[in-house]
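Trainee: build the 3D model from these lines:
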Amino acid sequence: MLQGQWRQGGLIAAALGLAGCALGPDYVRPDPPKTSSYTASPIPKATVVADGQVQRFEDGKQVVADWWRLFENPKVDAFITQSMADNPTLQAAQATLRQSQDILRAGYGVFIPQIGGDVGVSRQTSNLRLIGSTAPNTVFNLFTLSATVNYTLDVWGGQRRQVEGLRAQMEGQRYNVMGTYIMLAGNVVNTAIAQAAYRAQIRATEDLIVLEKEQVSITRAQAESGTVPFSNVLSLQSELASTQATLPPLRQKIDQANHLLATLLGRVPADFSSASGAQGLEIKDFKLPEDLPVSLPSELVHQRPDILQAEAQLISANAQIGVATAAMFPSLTLNATVGVNSTSAANIFQSNNLFWSLGASLIGPIVDGGTRWYQRRAAIEAHDAVLASYRQTVLNALAQVADTLRALQHDAEALSAQADAVHAAFDALHLTHINYQTGIATYLQLLIADEQYHQATLAYVQAQAQRLQDTVALYVALGGGWWSVQK
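Mentor: Residues are numbered from 1 along each chain as shown. You can find the predicted model right below:
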């Protein structure tokens, strides 16, 4: 405890030379990551050729604010416009921002003298015997009109630090709006891609089921004629049932995607399902952006809303150290009162009815059991916790960008392999069809080749959708380009 008092005394002595300055540490922005790469091994300048397309990574290129237009899908563009206007989550974030702006404006009031007024009318009686008079008591009306002025001098800067914290909280809410905006756009585009992919997979699966039913029918006829064992029929029936079982989950997924899209657009799912253009979304209608921006890690920390929001929280925590430090010192308040009173309303403004007072008060801690000292220590520890959270947010952001960049490379490799599989399956189907026409291959072999082609098509559609969605993820991970709107 003695050590704490000694430290407190040292703070007071140091602060005496800083009258008029804000106590507490001035905010210093953390250094950006000292790296120029997101991954341990260099990112290639471009992906492999996949389905005839290459995605190129352009270091230092800025993300455009309306990045979703690069997919060249007018329906998605319309969905984004509607979601920005009607999404309740975005509206809630915007309302919270307006609230924080009003709280900041209210906070600025501490720098202005507080003026109050009082108008009073009372009926009173006087007891003159209390002052030794023998005159009888009198009853009279008393009219009072007065004004008071109070102003606390911000000698130690505690009020300035408090407003600094409010301003940081407002900035944090502004970045929260930006983050909500970016995530909303990303979710709308991703949901639209998923819905289109599910629709393509359902069509491919339905075609596959038709082929497998034909296989079962042909094999049953062969079994009845004794050319193949009946176990072949059972095996194909099992395969058919397994394929049919994949349809309900796909239909459920497309329903869920439709309902999610309605929610993101601020619509009731029942209305959206029947009236929207979502039913016409096709995976082929999405153009793959080929020139992809890659911001430097040092730029990312100044672009991503979640990092900037974490930094705003850090600024606020830093300001609270100043607030807690200023609370350890005396506060000086100036006050003044001026008014008139009279027993007659008609004569209230006569000069002999005037009264006034001027004063000042100095209030400060003498012995508080170390309360303010430990409150300051708590503010410092809170700042350290927020600083650690900020650093974790930066690390998470870097890892997310790294994951997305690697994913795009792997997506291209996977799509290239799936495209090769589709081409090979198509060629096999074409040759089997020729052999069937010449009598070399059986109809069952033709159906099997067609089934393999449709299965390859299913995997190909999934790889297409994954590549598109990971491209969306890159734009979101890089901050969504919100700053480009302000330029």
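Trainee: the helix or strand harbouring Leu458 packs against which elements?
Mentor: Element membership for Leu458 (DSSP states H and E) is helix 443-477. Judged by 3 or more C-beta pairs under 8 Å, 6 or more residues apart in numbering; DSSP states H and E, helix 443-477 is in contact with helix 158-224, helix 371-437. Placement of C-beta: from N, CA and C, glycine included.
Trainee: what is the mean pLDDT for that helix?
Mentor: Confidence for helix 443-477, expressed as mean pLDDT, is 92.
Trainee: before we move on, back to that, and the helices and strands packed on helix 443-477, which is most packed in?
Mentor: Neighbour counts (mean count of other C-beta atoms under 10 Å) averaged over each of the helices and strands packed on helix 443-477 peak at helix 158-224, with a mean of 20.
Trainee: distance from that one to the middle of the chain?
Mentor: 17 Å (C-alpha atoms, centre = their mean, to the nearest Å).
Trainee: same question, stretch 263-273
Mentor: Centre-to-centre, stretch 263-273 and its host chain are 22 Å apart (C-alpha atoms, centre = their mean).
Trainee: and the contacts of it?
Mentor: Among residues not part of stretch 263-273, those counted as contacts by C-beta atoms under 8 Å, 6 or more residues apart in numbering are 79, 82-83, 85-88, 184, 187-188, 191, 258-259, 261-262, 276, 278-279.
Trainee: in CSV: the helices and strands packed on helix 443-477, plus distance to Glu72 and mean pLDDT.
Mentor: Shown next, in CSV, are these (distance: least, C-beta to C-beta, whole Å; pLDDT from 0 to 100):
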stretch, distance to Glu72, mean pLDDT
helix 158-224, 12, 93
helix 371-437, 19, 94
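Trainee: as a markdown table, these with distance to Asp26 would be great.
Mentor: Shown next, in a markdown table, are the helices and strands packed on helix 443-477 (distance: least, C-beta to C-beta, whole Å):
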| stretch | distance to Asp26 |
| --- | --- |
| helix 158-224 | 10 |
| helix 371-437 | 13 |
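Trainee: out of these, the one nearest Thr246 is which?
Mentor: Nearest to Thr246, of all these, is helix 158-224, at 5.9 Å by C-beta to C-beta.
Trainee: show me what Gly359 is bridged to.
Mentor: Legend: beta-bridge partners of Gly359 under DSSP bridges are Asn335.
Trainee: ok, now how distant is it from Ala147?
Mentor: As judged by C-beta to C-beta, to the nearest Å, Gly359 and Ala147 stand 15 Å apart.
Trainee: who has more neighbours out of these two?
Mentor: Ala147 (14 against 10; other C-beta atoms under 10 Å).
Trainee: for the more buried one, list each beta-bridge partner.
Mentor: For Ala147, the beta-bridge partners are Gly117, Val338 (DSSP bridges).
Trainee: who are the contact partners of it?
Mentor: Contacts of Ala147 (C-beta under 8 Å, 6+ apart): 115-118, 337-339.
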